[in-house]
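Asks: got a structure for you, letters missing:
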């Protein structure tokens, strides 16, 4: 038990150190964590830390998928459904077939084993590339498509993975039956996920306690994922559907206290989970080194290089035709949704980084077939998968910032940000006007005292003065105002602490006042973070 606690504390320390190093190097922490994990795994004397596939697929994956679904806008997801499906389904299937052909003709593996390898390495992981592209400011739609693909591609890959394992284990496979099963899984999981999302929101309405509601929100992804997974599905689509349902219907049903506490809770949970995932991925190098003694290092290196090249090339071969061909075939689509610049398409194709889902799937391959024979090429598949993850994550991940700057994609974000900024300002001001209009109605209906209505009007006008009218107007003023408000809040905190030390204020009262100051300071940070302050 003591050793486990020590290892956990060591991993937390590495997680913090990697974050600091990544900030200094201006790169994604996930890349640093994988490299750190590999370095730790090669240190003699350190205990081997094995990554249980059930832990990843049943414990780690559900909250990651659910959180991404909740943060995704259903309206924007629906608008980008065509490119998301083309990537999450079409590109995954195409990559699986390309890897299977390469594994069969170049590596001499059976077709079924090749398809299994293809299903494992086909789905890209978007955590690392998104951390980079968000910082560099690429167009919002490109980020949304990557997020949507990351939500759905694991479902396609895991379903194909199950079909391939069954085919290898039993020696029988029916394409027609597999297609029917796939369609049933998709429809069934989406319906079930919507039901789970509806149930979650209703239970949280009845609870009316932020702590209970947050616990229910943590249970939601596991309820959505575990049941379909136990019944033979993937669980991913159900979890996505639950998250999107909560995202669309939650704003008017979730109380503000729950939302404020839930944001901080989920931010911390996802941060720690993602950090541990990449660190543990690198730590699997020790396990792999113990299992490759029977292989030639040259053969392993060649096989890994071939499959890595195939998965990268397959994405490029799919993304460009999938982007331009539908618009060429459908003039109405081209008018409604014009073709993006080729530079954005190139970035979309370049972000083919593989992650922990691929490694967990490889680790979950059975040791034995149904007839008791060893599962064919299991260790080879595991090593190739790990190699593809490291090469794409470190190689493509480190090159991505330079590629984005070289292509000048970030400049497309400037005009886009200006439009979003102006629309947000207009929405803020119009919302204040709506509130004032409602105040006048309430003042007449309830015969409110003049001083009450006047105080609320003054509060609304004070909030209005905090926002500049446009991006060009008031940026410097907004910066100065935010800095002055921070200094005023700091002065209030110092005075409260002095009162506390003098015994003129209780700790309980100080905490209540401090919470209000914290919320105000957080609102200042929220309005001023990002590419340009509001």
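Replies: Sure thing, it's come through. Bear in mind that the values here come from a model prediction, so they are computed numbers and not experimental data.
Asks: Thought residue 348 was touching residue 319, still the case?
Replies: Yes. In this structure, residue 319 is within contact of residue 348 by C-beta atoms under 8 Å, at 5.5 Å. Where you see a C-beta, it was placed from the backbone N, CA and C, and this is true even at glycine.
Asks: who touches both of these two?
Replies: Contact criterion C-beta atoms under 8 Å, 6 or more residues apart in numbering; residues shared by residue 319 and residue 348: residue 87.
Asks: any weak-confidence spans in this structure?
Replies: Scanning the chain for pLDDT under 70 picks out the ranges 1, 172-173, 292-293, 412-417, 465-482, 524-534.
Asks: run the last query once more with 50
Replies: Low-confidence regions of the chain, defined here as pLDDT under 50, cover residues 527-534.
Asks: contacting residues for the residue nearest to the spatial centre of it?
Replies: Centroid check for the chain by C-alpha atoms, centre = their mean gives residue 68 as the closest residue, at 4.7 Å. Residue 68 makes contact with 147, 150-151, 243, according to C-beta under 8 Å, 6+ apart.
Asks: from those residues, which two are the most distant?
Replies: 150 and 243 (12.4 Å; C-beta to C-beta).
Asks: So which of the two has more stuff around it?
Replies: Shown here are residue 150 and residue 243; by other C-beta atoms under 10 Å, residue 243 has more neighbours (30 against 26).
Asks: what about the nearest residue to that one once chain neighbours are set aside, which helix or strand?
Replies: Of all residues not flanking residue 243 in the chain, residue 69 sits nearest, at 2.1 Å (C-beta to C-beta, 6 or more residues apart in numbering). Element membership for residue 69 (DSSP states H and E) is helix 61-71.
Asks: Repeat that for residue 345.
Replies: helix 342-350.
Asks: if we look at the following helix or strand past that helix, which residues are touching it?
Replies: Moving toward the C-terminus from helix 342-350, the next helix or strand (DSSP H and E) is helix 356-363. For helix 356-363, the external contacting residues (C-beta under 8 Å, 6+ apart) are 51-53, 56-57, 60-61, 119-121, 123, 125, 154, 157-158, 161, 277-278, 280-281, 284, 381-382, 385-386, 388-389.
Asks: what residues are up against residue 46?
Replies: By C-beta under 8 Å, 6+ apart, the contact list for residue 46 reads residue 40.
Asks: Let's verify it: helix, strand, or coil?
Replies: The three-state assignment at residue 46 reads coil, by DSSP: H, G, I helix; E, B strand; the rest coil.
Asks: Relative to residue 286, how far out is it?
Replies: 8 Å (C-beta to C-beta, to the nearest Å).
Asks: returning to that earlier point: would you write a PyMOL line that selects the buried entries of the contacts of helix 356-363?
Replies: Only the buried members of these enter the following PyMOL selection, criterion being 16 or more other C-beta atoms under 10 Å:
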select buried, resi 51+53+56+57+60+61+119+120+121+123+125+154+157+158+161+277+278+280+281+284+381+382+385+386+388+389
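Asks: ok, which stretches of the stretch 151-300 of the chain are helices?
Replies: Taking DSSP state H, counting those that start in this stretch, the helices of the stretch 151-300 of the chain run over residues 175-207, 210-230, 236-249, 256-283, 285-291, 297-329.
Asks: Direction-wise, compare the fourth one with helix 210-230 and give the angle.
Replies: Think helix 256-283. Interaxial angle, helix 256-283 versus helix 210-230 (axes from the mean of the first three to the mean of the last three C-alpha atoms, to 10 degrees): 50 degrees.
Asks: The third one too?
Replies: Using the same axes, to 10 degrees, the inter-axis angle of helix 236-249 relative to helix 210-230 is 150 degrees.
Asks: What residues sit buried inside helix 236-249?
Replies: 236-248.
Asks: The helix holding residue 345: how far from the chain's middle?
Replies: Distance, stretch centre to chain centre, for helix 342-350: 20 Å (C-alpha atoms, centre = their mean, to the nearest Å).
Asks: Which of the residues in that helix are classified as buried?
Replies: Neighbour-count burial for helix 342-350 [16+ other C-beta under 10 Å]: 343-350.
Asks: In JSON lines, list those along with distance to residue 137.
Replies: What follows is these, written out as JSON lines (distance: C-beta to C-beta, whole Å):
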{"residue": "343", "distance to residue 137": "14"}
{"residue": "344", "distance to residue 137": "13"}
{"residue": "345", "distance to residue 137": "18"}
{"residue": "346", "distance to residue 137": "17"}
{"residue": "347", "distance to residue 137": "12"}
{"residue": "348", "distance to residue 137": "16"}
{"residue": "349", "distance to residue 137": "19"}
{"residue": "350", "distance to residue 137": "16"}
